[in-house]
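1. sequence-free structure coming up:
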């Protein structure tokens with residue numbers, strides 16, 4: 001059973017990373033993130049009020065302790081967070097580059113203006 005859990009965890013990391021790399025900040029991805037956040041919060045609250053539940057779920061999955069299950073879930077969440085942060089940073093770099101190019105073009109002297117200044121000068 002532990003092999004099955006390992007496979008599911010690896011697939012979760014791969015699917016999460018691919019989904020974040022593939023998509024942007026459109027409404028569909030925002031909705032999925034919010035749903036996952038609400039589900040995470042619900043599970044966290046439930047685990048606070050019924051701590052033995054995590055151990056039972058972990059045992060059903062073939063994991064020894066509930067804390068190990070939490071650790072595995074945090075590893076997956078961390079990987080998704082890192083992929084999301086990387087994608088966001090890449091998008092910001094692209095925006096900054098585009099903005100810097102636009103500013104450089106806007107502030108560059110016009111060729112016709114410099115020729116006119118040389119004639120008048």
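-> Cool, the structure landed. Given the structure is predicted, the values throughout are model-derived calculations rather than measurements.

2. how near is the most centrally placed residue in the chain to residue 30?
-> Centre of the chain computed as the mean C-alpha position; nearest residue by C-alpha atoms, centre = their mean is residue 84, 1.7 Å away. Taking C-beta to C-beta, to the nearest Å as the measure, residue 84 and residue 30 are separated by 12 Å. C-betas here are computed from N, CA, C, even on glycine.

3. which stretches of this structure have low pLDDT?
-> 1-2, 13, 16-26, 29, 113-121 (pLDDT under 70).

4. if we go to 90?
-> Along the chain, the parts satisfying pLDDT under 90 run over 1-54, 57-58, 61-88, 90-91, 108-121.

5. please enumerate the helices of it.
-> Counting by DSSP state H, the chain forms helices over residues 2-22, 27-49, 51-60, 66-107, 111-120, given from the N-terminal end onward.

6. what is the third one packed up against?
-> If you count contacts as 3 or more C-beta pairs under 8 Å, 6 or more residues apart in numbering; DSSP states H and E, helix 51-60 packs onto helix 27-49, helix 66-107.

7. what residues sit buried inside stretch 48-66?
-> Buried positions in stretch 48-66, judged by neighbour count with 16 or more other C-beta atoms under 10 Å: 54-55, 58, 63, 66.

8. re the thing from before, reformat the helices and strands packed on helix 51-60 as JSON lines; add distance to residue 6.
-> Supplementary listing: the helices and strands packed on helix 51-60 in JSON lines, determined by distance: least, C-beta to C-beta, whole Å:
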{"stretch": "helix 27-49", "distance to residue 6": "20"}
{"stretch": "helix 66-107", "distance to residue 6": "9"}
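
9. residue 15: which of those helices is closest?
-> Nearest to residue 15, of all those, is helix 66-107, at 9.5 Å by C-beta to C-beta.

10. how far away is the residue nearest to the centre of the chain from residue 42?
-> 21 Å.

11. now residue 80
-> Using C-beta to C-beta, one obtains 18 Å as the distance from residue 80 to residue 42.

12. what's the answer for residue 102, then?
-> For residue 102, the distance to residue 42 under the criterion C-beta to C-beta works out to 45 Å.

13. contacting residues around stretch 55-68?
-> Here stretch 55-68 makes contact (C-beta atoms under 8 Å, 6 or more residues apart in numbering) with 1-2, 4-5, 47, 51-54, 69, 72.
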